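Curious how this folds, go ahead:
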Amino acid sequence: MRIGYARVSTQEQDTSMQISVLKESGCSKVYQEKVSADCLNKPRLLDLINHLGPGDVLVVWKLDRLSRSLKDLLILLEKVQLVGAEFESLTETINTHTAAGRMMMQIIGSFAEFERAILYERTIIGLQAARKEGRIGGRRPKLNLQQQKEILEVIGSGKKNAANVAKLFKVHPSTICRLLSRNKGFSDKN
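This is a model prediction of the structure:
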């Protein structure tokens with residue numbers, strides 16, 4: 001039996017195109033889930049592998065639907081092989097039923113991992129360049145400078161405590177605690 005697996009990374013994305021292609025290729029059943037490729041916990045994929053038997057074929061639209069890590073990909077495919085099943089990727093035309101297909105799967109998996117490593121390196125270089133220009137990544141502050149100043153003055157005067165100020169400004173109390181710890185000297189000066 002041909003069994004398909006469709007995966008997208010976020011809840012906003014849709015698996016319908018993958019499912020359509022998998023069914024056209026002869027898959028009688030398609031498992032689908034919405035989880036990042038980096039996530040090791042893919043319950044629907046594990047369920048699919050546990051239900052594979054001798055002669056079954058695990059079919060994906062594209063190799064990176066299983067994993068972006070060569071190591072993880074090889075572990076998954078070893079599990080498929082141990083139960084006597086095969087693997088097929090439609091986009092890369094890989095079929096592990098043949099020696100050439102197994103070799104091509106490993107080569108393409110290596111390229112996918114290489115591409116991911118290059119993307120990671122580019123991201124790090126971009127972040128370093130942004131820091132040199134004075135830009136800092138991450139979330140935008142919940143409180144602007146004026147709000148921070150008001151909070152420090154109110155708490156410094158003793159009129160309100162951190163929990164009350166957090167409710168007043170509609171932020172989590174830990175936001176106020178971080179602000180206070182960054183500005184320890186402020187309350188000492190008042």
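
how far out from the middle of the chain is stretch 164-184?
Averaging C-alpha positions (Cα atoms, centre = their mean, to the nearest Å) puts stretch 164-184 30 Å from its chain's average.

now do the same end-to-end measure for that stretch.
19 Å (Cα to Cα, to the nearest Å).

Give me the buried stretch members for that stretch, please.
165-166, 169, 171, 175-176, 179-180, 183 (16 or more other Cβ atoms under 10 Å). No exception for glycine: its C-beta is placed from N, CA and C like everyone else's.

what's the answer for stretch 46-58, then?
So, applying 16+ other Cβ under 10 Å, buried residues of stretch 46-58: 48-49, 52, 56-58.

rewinding a little: can you redo the buried residues of stretch 164-184 as JSON lines, where the extra columns are pLDDT, distance to Arg116 and secondary structure?
Below are the buried residues of stretch 164-184 laid out as JSON lines (pLDDT from 0 to 100; distance: Cβ to Cβ, whole Å; DSSP: H, G, I helix; E, B strand; the rest coil):
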{"residue": "Val165", "pLDDT": "92", "distance to Arg116": "44", "secondary structure": "helix"}
{"residue": "Ala166", "pLDDT": "92", "distance to Arg116": "40", "secondary structure": "helix"}
{"residue": "Phe169", "pLDDT": "91", "distance to Arg116": "40", "secondary structure": "coil"}
{"residue": "Val171", "pLDDT": "93", "distance to Arg116": "36", "secondary structure": "coil"}
{"residue": "Thr175", "pLDDT": "91", "distance to Arg116": "34", "secondary structure": "helix"}
{"residue": "Ile176", "pLDDT": "91", "distance to Arg116": "39", "secondary structure": "helix"}
{"residue": "Leu179", "pLDDT": "91", "distance to Arg116": "37", "secondary structure": "helix"}
{"residue": "Leu180", "pLDDT": "90", "distance to Arg116": "41", "secondary structure": "helix"}
{"residue": "Asn183", "pLDDT": "85", "distance to Arg116": "41", "secondary structure": "coil"}
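
Could you identify the most distant pair in the buried residues of stretch 46-58?
Ile49 and Val57 (12.4 Å; Cβ to Cβ).

Which single one of the buried residues of stretch 46-58 is nearest to Lys159?
Top of the list for closeness to Lys159, among those and by Cβ to Cβ, is Leu48 at 60.0 Å.

so who does the closest one touch?
Residues near Leu48 by Cβ atoms under 8 Å, 6 or more residues apart in numbering: 3, 5, 31, 58.
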